[in-house]
Structures are given as structure tokens and as C-alpha cells.
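Build me a structure from this.
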Amino acid sequence: MHPVRIAPSLLAADFGKLRDEVESVEQAGCDWLHLDVMDGHFVPNLTFGPFIVAAVKKHATKPLDTHLMITDPWKYADPFLDAGSDLLTFHIEVEEKGDVGALLKHIRSRGKKAGLSVQPDTPISRLKPYIQDLDLVLIMSVFAGFGGQKFMTSVLPKAQELRALGFDGEISMDGGITPATIADSAAAGTNVFVAGTAVFGVDDRKARISELRQLAENAQDTSASDTESSSI
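Residues are numbered from 1 along each chain as shown. Purely as a prediction, here's the structure:
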């Protein structure tokens, strides 16, 4: 069983005091810091480039989990890795624009972890040719592009499908993760939880991260027990 990792999305942070926000969630007990990069092409929104990742890296002690929602990850992978990304994930939906396998291998050759993401309406089977080169799969539980969307329960079976394909890496869920949705996600097989407003939108971030972790771990334990019982 993979450990539960809580990854606050800096998209929901106050960028006017980014250093303080990073220190706040790290002191509150987060595991990773999630950075959502949008180019205005793959998704209809713009966020930030490598310079923000580099600025965060100066003050962060936790791994930087960078999610590229862009049409040309081949062009920008190295700048984001140079800026300090520890995990770099891009979308399978752009696979016709370049060699996905080669980019995954390149990311890993630099000593970083490589991931692919799928939109809610993209089948997990699209990832099958690349499973052996993946450290992480990020399942979008909302459509990429904007924060604050409602969690889509229809994506939950995707985590189970991944395990059935033999994937043994990290499974991340991104979009609408709250205390009300995290348990179902964990029970389905997710172990990394990207939470934006659920963390940055509360005053007691330590209590919220602890709550999210406990809910996820309890759901994992229950799911494991049910699996063992059904196999007897």
C-alpha cells in the first residue's frame, strides 16, 4: 500500500505572500507542493511559468509536484526541471504532438519522477503503452483549467483500472478533493491527493491536512480489509 500524500495546490494560495503560504502548508504537514501550469491553449486559462517554480524551490523543503496542462511539454520540460520540479506530469491528450515515451524517459534520466495525467473523459487504456515508464498517474476528477470545480465520482474506477494494468506507482487525484470526497478517492486506490481551496481556504491548515490524511488512511485500511475478506 502506498503512503497517503497530501499535496496542496499553490493555485489556491495567496500569490502576494507566496513564501509565507509555502511555509504555512509545509509546517502544517503537507507531503508535496502541487504546481498547476496552464498555457491558455491546452486549457482556457493561464497561470505561471518556470520562474514561479524556481521561486517556490528557494523556500520549499517538500518535493515540487509540477502538473503541465500545456500543449507542448516537450519544449518546456527542461525549463521546469531546471527550475526545481521533482515530479513532472503532462497530459496523455497531447500524445499526437510528440513522442510521449521519449519524454518520460528523458524526465527520468534527469533523476526526476515522470507522470501522465488523464482528463475525466479519457480512458485509462490510453496509458497502457507507457505504464513501465511512469512513476505517477494523475487522474483529473474535474476538467483541467480552473480550481473550485465539483468532484466527479465517475472517475473513481480509473484508479482500479490502473492497478489492473499492473501500474505500481503513485496514483494522484486532482480536483474537488475535500473532507467529503477524499475517502471515496482513497478507497478506489488513490494515494496522492491534490487539494487547493480545501487547504488554503481554511485558517487551521494543520488540522485540515491531518483530517484529510486520517480520512484517506482510514479508507485505505477499510478497503484493504474488505479485499482480504473477499479473497478468503
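
Quick one: residues contacting Tyr76.
50, 68, 70 (Cβ atoms under 8 Å, 6 or more residues apart in numbering). All C-beta atoms are positioned from the backbone trio N, CA, C, and that covers glycine.

Contacts only, for the first one.
In this case it means Pro50. Contacts of Pro50 (Cβ under 8 Å, 6+ apart): 76, 79-80, 82-83.

thinking again about what came up before, of the contacts of Tyr76, which is the nearest to Gly169?
Closest approach between these and Gly169, by Cβ to Cβ: Leu68, at 17.6 Å.

beta partners for the closest one?
Taking DSSP bridges, one obtains Val37, Phe90 as the residues bridged to Leu68.

picking up where we left off before, so which of the contacts of Pro50 are in helices?
Among those, the members found in helices (DSSP state H) are 76, 79-80, 82-83.

Which one of those is nearest to Lys57?
Using Cβ to Cβ, the ones in helices among the contacts of Pro50 come closest to Lys57 at Ala83, 6.5 Å.

Measure how buried the closest one is and give me the count.
Residues lying near Ala83 (other Cβ atoms under 10 Å) number 19.

in stretch 159-169, what counts as buried?
159, 161-162, 167, 169 (16 or more other Cβ atoms under 10 Å).

TSV for those, including distance to Lys57?
As requested, these are exported to TSV (distance: Cβ to Cβ, whole Å):
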residue	distance to Lys57
Ala159	29
Glu161	34
Leu162	29
Phe167	28
Gly169	23
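
From the residues you listed, pick the one nearest Gln220.
Ala159 (11.6 Å).

can you list contacts of the helix or strand harbouring the closest one?
Assigned by DSSP states H and E, Ala159 falls within helix 157-164. With Cβ under 8 Å, 6+ apart as the test, helix 157-164 has contacts from 118, 124-125, 127, 137, 139, 171, 173, 185, 188-190.

returning to that earlier point: let me have the buried residues of stretch 159-169 in JSON lines, adding distance to Ala216 and pLDDT as columns.
Shown next, in JSON lines, are the buried residues of stretch 159-169 (distance: Cβ to Cβ, whole Å; pLDDT from 0 to 100):
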{"residue": "Ala159", "distance to Ala216": "13", "pLDDT": "95"}
{"residue": "Glu161", "distance to Ala216": "20", "pLDDT": "95"}
{"residue": "Leu162", "distance to Ala216": "17", "pLDDT": "95"}
{"residue": "Phe167", "distance to Ala216": "19", "pLDDT": "96"}
{"residue": "Gly169", "distance to Ala216": "17", "pLDDT": "97"}
